[in-house]
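Engineer: okay, predicted coordinates and the sequence, questions at the end:
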Amino acid sequence: MTRPSPRVRNQRGVAAPSPVVMLSVVAVAMAGIAFVATRGGDPTEREVATQVAHESPTADPSASTSKTPKPDPKPTQPAVRRGSVYVEVYNNSGITGLAGRVGERASGIGWRVVGTDNWYGTIPATTVYYPARLKAAAKQLALDLGIHRTAPAVDPMRRDRLTIILTGDLS
């Protein structure tokens, strides 16, 4: 009895890449396009710096009346009315109850805290976010609480109030 000989394939064909490989190539290309499209922009975050003016006392009271006062080159901004500005405080740290404590502290200073909760997302540092019309109030709130960063509000933040996002305990 003779055995049939196995067939030998000598045809060559083209193998199509698997869908996983194709999706990987598309994902890498999209990531490259996103990287190129978003780089080079200036960050919109700002640091709040405190300025303290020191006045030197004059030895002769009559000497101060002889000088004519110079007009202030900057118009003075109206004082921020803390009780008329809504504030929300969010905890983006692992410290339990941090938003509540900071909310109580802000309320004690006179700010109108309307809510505290947890924030889910990535925030680089504790920041006061503000809509454009409340920029001066945001700076005042940051100074009151010792927060060093302010930035314009972004979605999903509300545009009628200040939003504090805490990444650690305030000193």
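Structural biologist: Looks like it came in fine. All figures in this text were calculated on a predicted structure; none of them were measured in a lab.

Engineer: restrict the longest helix along the chain to CA atoms and write it as PDB.
Structural biologist: Ranked by residue count under DSSP state H, the longest helix found in the chain is helix 19-38. Only the C-alpha atoms of helix 19-38 are listed here, as PDB (Å, rounded to 0.1, in the frame of the first residue of the first chain):
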ATOM      1  CA  PRO A  19      -7.700  44.700  13.000                       C
ATOM      2  CA  VAL A  20      -5.800  45.200  16.300                       C
ATOM      3  CA  VAL A  21      -2.600  46.300  14.400                       C
ATOM      4  CA  MET A  22      -4.600  48.600  12.200                       C
ATOM      5  CA  LEU A  23      -6.400  50.200  15.200                       C
ATOM      6  CA  SER A  24      -3.000  50.600  17.000                       C
ATOM      7  CA  VAL A  25      -1.500  52.500  14.000                       C
ATOM      8  CA  VAL A  26      -4.600  54.800  13.800                       C
ATOM      9  CA  ALA A  27      -4.400  55.500  17.600                       C
ATOM     10  CA  VAL A  28      -0.700  56.400  17.400                       C
ATOM     11  CA  ALA A  29      -1.400  58.700  14.400                       C
ATOM     12  CA  MET A  30      -4.200  60.400  16.200                       C
ATOM     13  CA  ALA A  31      -2.100  60.900  19.300                       C
ATOM     14  CA  GLY A  32       0.700  62.500  17.200                       C
ATOM     15  CA  ILE A  33      -1.800  64.800  15.600                       C
ATOM     16  CA  ALA A  34      -3.300  65.800  19.000                       C
ATOM     17  CA  PHE A  35       0.200  66.400  20.400                       C
ATOM     18  CA  VAL A  36       1.200  68.700  17.500                       C
ATOM     19  CA  ALA A  37      -2.100  70.600  17.600                       C
ATOM     20  CA  THR A  38      -2.000  71.300  21.300                       C
END
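
Engineer: and after the lowest-mean-pLDDT helix or strand in the chain, which helix or strand comes next?
Structural biologist: Sorted by mean pLDDT, DSSP states H and E, the helices and strands of the chain end with helix 61-66, the least confident at a mean of 51. Following helix 61-66 in sequence order, the next helix or strand is strand 86-91 (DSSP states H and E).
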